[in-house]
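Asks: sequence first, then the predicted structure:
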Amino acid sequence: MRIKPFQALKPPVELAAKVASLPYDVVDTAEARQLSEGNPFSFFHVSRAEIALPDGTDLYSEAVYKKAAEVFQEFQRTGVLVKDLEPALYLYRLVRQGHAQIGLITVCHVEDYERDLIKKHEKTRRAPEDDRTKHISMTNSHSGPVFLLYRDSADIDALASAVAEKAPLYDLTAADGVQHTIWRIADTGAWVRAFDKIPRVYIADGHHRAAAAARVARERKAANPRHMGSEEYNWFQAVLFPASQLQILPYNRCVKDLNGLSDELFQEAVSAQFTICEKAAPQPKQPENISMYFRNRWVGLSWTPGPVANPVAALDVSVLQDRLLGPVLGIDDPRSNPRIEFIGGIRGTGELEKQVQFGRAAVAFSMYPTTVDQLMAISDAGEIMPPKSTWFEPKLRDGLIIHTLD
């Protein structure tokens, strides 16, 4: 893996807590507007620039990207964001409810993405990819990092431990209780050499950001007759974490209706596919188990795994889709079917109960989390996970360390 230090754009220490914001794709316009209310320094003014425009503005309109670029330039002009004088790497630790993970903020080369040294497990959708491509091009920056993981390395662990003993650049606790600590690393040679021994890394989150970064690099290469391959636009920002430290929460499912079936016929169809436990915990305790909320009670669904054609088919989310969501409830394509909603595990099983009790869904399914080992096995096999198979917590923050393309 190729990594390198870079001249980051970042806020002064006294503004860091005000600038830092959740990733653009985990909030909608209303949430971004609420979270940034009364805070002119919030990075949502760049990553969700539509919050400054009239309600109903098309999220993909030119006005949104122009506004993002305008605010981004204003932040730099007024000192909300300041460019580092020298290249560096950054160590980033997140702590949530006693769970800590520590990774390296760096830039990776788009060629490694295209050569599949950076492994994928999701297909990207055109509209979100176009959106990130325009945002990167208009702001001339990678304002939010791609979340990568690698198989653990004792050498990298030792480097991280030594840095974490020093005074940090930033140390802040967000409103959601997650602590974010960042150290600046000026002496980067040992880190570059250590990652040179890592044969491959895996995208945990940020497939659209990575794909968009590669597209922008191709566009700029085509427009540059003197392209060398070392230009800054060939690199994109990422945070690399050791696999053993990561925490995956479940990605749960709600279906709006029973596809024309009566309650009785639906229950018969479920019983034909799964072993039923009439009293189940809302959260499954092990794989090959799903908790279903139906008729205001939790029911357990289990099965005996048999031989599978590939590691994707063995996933609990695949079993649910192949046995029930598709053939019974008519969710033919979960990526696009409007009758299914995905609920991140951070919101808890109580949110599933509310969806059913308030009539927004007819049935809900609480999943056991996909594991990091499953993610890596599927990526190594060149396979694609079903949509919304993983929910990583805690979330990185945008706006603290920014990579510019020149």
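Replies: Sure, I can see it. Numbers count the residues shown, from 1 in each chain.
Asks: max-length strand in this protein?
Replies: strand 99-109 (DSSP state E).
Asks: so for that strand, mean pLDDT?
Replies: Along strand 99-109, the predicted confidence averages to a pLDDT of 97.
Asks: then stretch 383-400?
Replies: Averaging pLDDT along stretch 383-400 yields 91.
Asks: try stretch 148-162
Replies: If you average the per-residue pLDDT over stretch 148-162, you get 98.
Asks: quick one: end-to-end distance for that stretch.
Replies: 22 Å (Cα to Cα, to the nearest Å).
Asks: same check, this time on stretch 255-274
Replies: Distance between the boundary residues of stretch 255-274 (Cα to Cα) amounts to 18 Å.
Asks: buried ones in stretch 15-26, by neighbour count?
Replies: Neighbour-count burial for stretch 15-26, with 16 or more other Cβ atoms under 10 Å as criterion, is recorded at Leu15, Ala16, Ala17, Lys18, Val19, Ala20, Ser21, Leu22, Pro23, Tyr24, Asp25. Placement of C-beta: from N, CA and C, glycine included.
Asks: roughly how far does the last one sit from Trp391?
Replies: It stands for Asp25. When Cβ to Cβ, to the nearest Å is the yardstick, Asp25 and Trp391 sit 12 Å from each other.
Asks: cool, and the third one?
Replies: From Ala17 across to Trp391, the span is 25 Å (Cβ to Cβ).
Asks: from the buried residues of stretch 15-26, which one has the minimum pLDDT?
Replies: Asp25 (90).
Asks: sec struct for that one, please.
Replies: For Asp25, the assignment made with DSSP: H, G, I helix; E, B strand; the rest coil gives helix.
Asks: try Phe75
Replies: Counting by three-state DSSP, the backbone at Phe75 sits in helix.
Asks: run a quick neighbour tally on Pro287.
Replies: 18 (other Cβ atoms under 10 Å).
Asks: that one against Ser318, yeah?
Replies: No: shown here, Pro287 and Ser318 do not form a contact pair, counting by Cβ atoms under 8 Å, at 11.8 Å.
Asks: returning to that earlier point: for the helix or strand that the longest strand of the chain is followed by, output the C-alpha coordinates as PDB.
Replies: Sequence-wise, the next helix or strand downstream of strand 99-109 (DSSP states H and E) is helix 110-114. The C-alpha atoms that make up helix 110-114 are tabulated as PDB, following Å, rounded to 0.1, in the frame of the first residue of the first chain:
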ATOM      1  CA  VAL A 110      -6.100   6.100  -7.000                       C
ATOM      2  CA  GLU A 111      -4.100   3.500  -8.900                       C
ATOM      3  CA  ASP A 112      -4.200   1.300  -5.900                       C
ATOM      4  CA  TYR A 113      -8.000   1.700  -5.900                       C
ATOM      5  CA  GLU A 114      -8.200   0.800  -9.600                       C
END
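Asks: tell me what helix 110-114 is packed against?
Replies: Packed against helix 110-114 by the contact rule (3 or more Cβ pairs under 8 Å, 6 or more residues apart in numbering; DSSP states H and E) you find helix 207-223, strand 235-242.
Asks: now do the helices in the stretch 51-200 of the chain.
Replies: Counting by DSSP state H, counting those that start in this stretch, the stretch 51-200 of the chain has these helices, from start to end: 62-77, 110-114, 126-139, 154-164, 189-196.
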